[in-house]
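Visitor: no sequence on this one, just coordinates:
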Ligand SMILES: Nc1ncnc2c1ncn2[C@@H]1O[C@H](COP(=O)(O)OP(=O)(O)OP(=O)(O)O)[C@@H](O)[C@H]1O
């Protein structure tokens, strides 16, 4: 058994300075189980996300994080359990329907329309919600929010990785979501790019967005999250505030025993 290089990161982080407001949850998942043939990828996981709250999903490789994320966003149908959004049962609603209701996600590999400008990329999403001048104004406002307004007329193909990630976020924000799902938005960025993205995600939560994130960079997800769910082999290992989860003996054992990361 070799120690995971992630272990020091598990305990060395500063928590999120502003904590999420109390209030009724926007998104809830109750007793979610996902089976693929004989594999139980997610077993009986429940969670909730409030406006302004950042929920982090962690766990060693193969723990079931992506499958749970996909079950929440509608890309995988749970074998059992229930997902509700704003009080409505959405377990059987397709991803597009969930997006219209206010649940939007990013993908691990960003895929902008390379030949379109940065602004046009965001407009494609903005037009799904608004028309004409309203859509343009909104797209600009979103570009300003993610720090890309000065790149509005460049082709997306000219952006570096950090800016491509922010463009991906801008496209999703143009859908005016209430809950944002971030799939590895920070992995692969250099430290300044990571810091910019952390600040941006915090500011989005402070403006009232609920956020669910899967991220392998442990100190990043621990410093951003209000609440952390740690999974292993599809099951809940520990949950709570980041410091409590990082100190949990089962979590430390899971990361110590994870040779694959
Ligand atoms: N479509 C699928 N068909 C069959 N098995 C799957 C499928 N998707 C995931 N699995 C299995 O479900 C389990 C959980 O996988 P999942 O990708 O959700 O874990 P993860 O925590 O996201 O892992 P990683 O951190 O490596 O991305 C694994 O055993 C995986 O092999």
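Guide: Great, that's in hand. Bear in mind that the values here come from a model prediction, so they are computed numbers and not experimental data. Numbering: from 1, shown residues only.

Visitor: How many neighbouring residues does residue 81 have?
Guide: 17 (other C-beta atoms under 10 Å). Every residue, glycine included, has its C-beta placed from N, CA and C.

Visitor: Get me the contact residues on the chain for the ligand.
Guide: Residues of the chain found near the ligand (C-beta under 6 Å from any ligand atom) are 36, 39, 41, 59, 61, 62, 63, 64, 65, 66, 67.

Visitor: Counting neighbours, which of these comes out on top?
Guide: The most crowded member of the residues of the chain next to the ligand, judged by other C-beta under 10 Å, is residue 65 (26 neighbours).

Visitor: Enumerate every residue touching it.
Guide: Residue 65 sits next to 57, 58, 59, 214, 231 when contact means C-beta atoms under 8 Å, 6 or more residues apart in numbering.

Visitor: since we're on residue 224, how many residues are nearby?
Guide: By other C-beta under 10 Å, the residues close to residue 224 number 25.

Visitor: Report the contact partners of the closest residue to it other than its chain neighbours.
Guide: The shortest distance from residue 224 to any non-neighbouring residue, by C-beta to C-beta, 6 or more residues apart in numbering, is to residue 54 (5.4 Å). For residue 54, the contact set (C-beta under 8 Å, 6+ apart) comprises 16, 20, 201, 202, 205, 210, 211, 213, 224, 225, 226, 227.

Visitor: and which of these is nearest to the ligand?
Guide: Taking C-beta to the nearest ligand atom as the measure, the ligand lies nearest residue 213 of those, at 12.5 Å.

Visitor: What is the host helix or strand of residue 169 packed up against?
Guide: Taking DSSP states H and E as the criterion, residue 169 maps to helix 161-173. Helix 161-173 is packed against strand 103-105, helix 118-126, helix 132-145, strand 179-183, helix 191-206, with contacts defined by 3 or more C-beta pairs under 8 Å, 6 or more residues apart in numbering; DSSP states H and E.

Visitor: what's it in contact with?
Guide: 104-107, 110, 112, 118, 121-122, 124-125, 142-143, 145-148, 151, 156, 159, 180, 182, 185-186, 188-190, 192-193, 196-197, 200, 204.

Visitor: tilt between it and helix 118-126?
Guide: Relative orientation of helix 161-173 and helix 118-126, computed by axes from the mean of the first three to the mean of the last three C-alpha atoms, to 10 degrees: 30 degrees.

Visitor: could the helices and strands packed on helix 161-173 be laid out in CSV, adding mean neighbour count and mean pLDDT?
Guide: Formatted as CSV, the helices and strands packed on helix 161-173 follow (neighbours: other C-beta atoms under 10 Å; pLDDT from 0 to 100):
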stretch, mean neighbour count, mean pLDDT
strand 103-105, 25, 93
helix 118-126, 23, 93
helix 132-145, 16, 91
strand 179-183, 25, 95
helix 191-206, 16, 93
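
Visitor: Take the ones you listed and write them to JSON lines, including distance to residue 86.
Guide: Below are the helices and strands packed on helix 161-173 laid out as JSON lines (distance: least, C-beta to C-beta, whole Å):
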{"stretch": "strand 103-105", "distance to residue 86": "10"}
{"stretch": "helix 118-126", "distance to residue 86": "21"}
{"stretch": "helix 132-145", "distance to residue 86": "22"}
{"stretch": "strand 179-183", "distance to residue 86": "9"}
{"stretch": "helix 191-206", "distance to residue 86": "18"}
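
Visitor: Next one: the residue lying closest to residue 250 once chain neighbours are set aside relative to the ligand, how far apart?
Guide: Of all residues not flanking residue 250 in the chain, residue 237 sits nearest, at 5.0 Å (C-beta to C-beta, 6+ apart). Here the criterion is C-beta to the nearest ligand atom, to the nearest Å. By it, residue 237 lies 12 Å from the ligand.
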